[in-house]
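1. Sequence first, predicted coordinates after that:
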Amino acid sequence: MSGQAGPVAPQPVDTQASAARARAIVMEIERNLGFDPTDRETEKLGYDIESRVPGTGKLRFIEVKGRVAGAPTITVTRNEILYSLNKPDDFILAIVEFFEDGSHQAHYLREPFKREPDFNAIVVGYDFAGLIARAEAPR
């Protein structure tokens, strides 16, 4: 109203593009580690990537979250949390952290969740820094 320009609204983040980029990065990491990954994101199974361990028949179930470095939270669905609790030895939360310079860093977190969410919860927010602090390099 004063004729002065107000604050510039931040540009919206294309979360679908960010998620697809994060999944592609994790798929490549899995291949480089010697696993055989398959993208299952569209099937809404409770994880995004099913990664086969060659010669064993064993599967790794990977939920992928891509976030800008320093983001405050990571949002996880009830289904993702429940799947992780049902397959604690085989579930990995992969967090791909995107930096302003275009680089990225992947973090793998095993047993990311300690208990199931409230019955009526649809999504749960977790502290980004807290999850990263408990994560390790992909292996």
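-> Received the coordinates, thanks. Not measured: the values here are computed from a predicted model.
2. Give me the helices and strands touching the longest strand anywhere in the chain, please.
-> For the chain, the strand with the greatest residue count under DSSP state E is strand 59-68. Helices and strands touching strand 59-68, as assessed by 3 or more C-beta pairs under 8 Å, 6 or more residues apart in numbering; DSSP states H and E, comprise helix 15-32, strand 49-52, strand 73-77, helix 78-86, strand 91-98. C-beta coordinates here come from the backbone N, C-alpha and C atoms, glycine included.
3. got the angle between the first one and strand 59-68?
-> I take that to be helix 15-32. Angle of helix 15-32 versus strand 59-68, following axes from the mean of the first three to the mean of the last three C-alpha atoms, to 10 degrees, is 130 degrees.
4. Past helix 15-32, which element shows up next along the chain?
-> Sequence-wise, the next helix or strand downstream of helix 15-32 (DSSP states H and E) is strand 36-39.
5. re the thing from before, which of the helices and strands packed on strand 59-68 sits most buried?
-> strand 91-98 (a mean of 23; mean count of other C-beta atoms under 10 Å).
6. between that one and helix 15-32, how big is the angle?
-> 120 degrees.
7. same for strand 91-98, what does it pack against?
-> helix 15-32, strand 59-68, helix 78-86, strand 104-110, helix 128-134.
8. export these to JSON lines and tack on mean pLDDT?
-> Conversion of those to JSON lines gives the following (pLDDT from 0 to 100):
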{"stretch": "helix 15-32", "mean pLDDT": "93"}
{"stretch": "strand 59-68", "mean pLDDT": "96"}
{"stretch": "helix 78-86", "mean pLDDT": "96"}
{"stretch": "strand 104-110", "mean pLDDT": "98"}
{"stretch": "helix 128-134", "mean pLDDT": "95"}
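9. Export those as CSV, with columns for distance to Ala121.
-> Listed next are these as CSV, based on distance: least, C-beta to C-beta, whole Å:
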stretch, distance to Ala121
helix 15-32, 20
strand 59-68, 16
helix 78-86, 5
strand 104-110, 20
helix 128-134, 17
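10. Relative to Val53, which of the ones you listed is closest?
-> strand 59-68 (6.7 Å; C-beta to C-beta).
11. Counting neighbours, what do you get for Pro54?
-> Neighbourhood size, Pro54 [other C-beta atoms under 10 Å]: 9.
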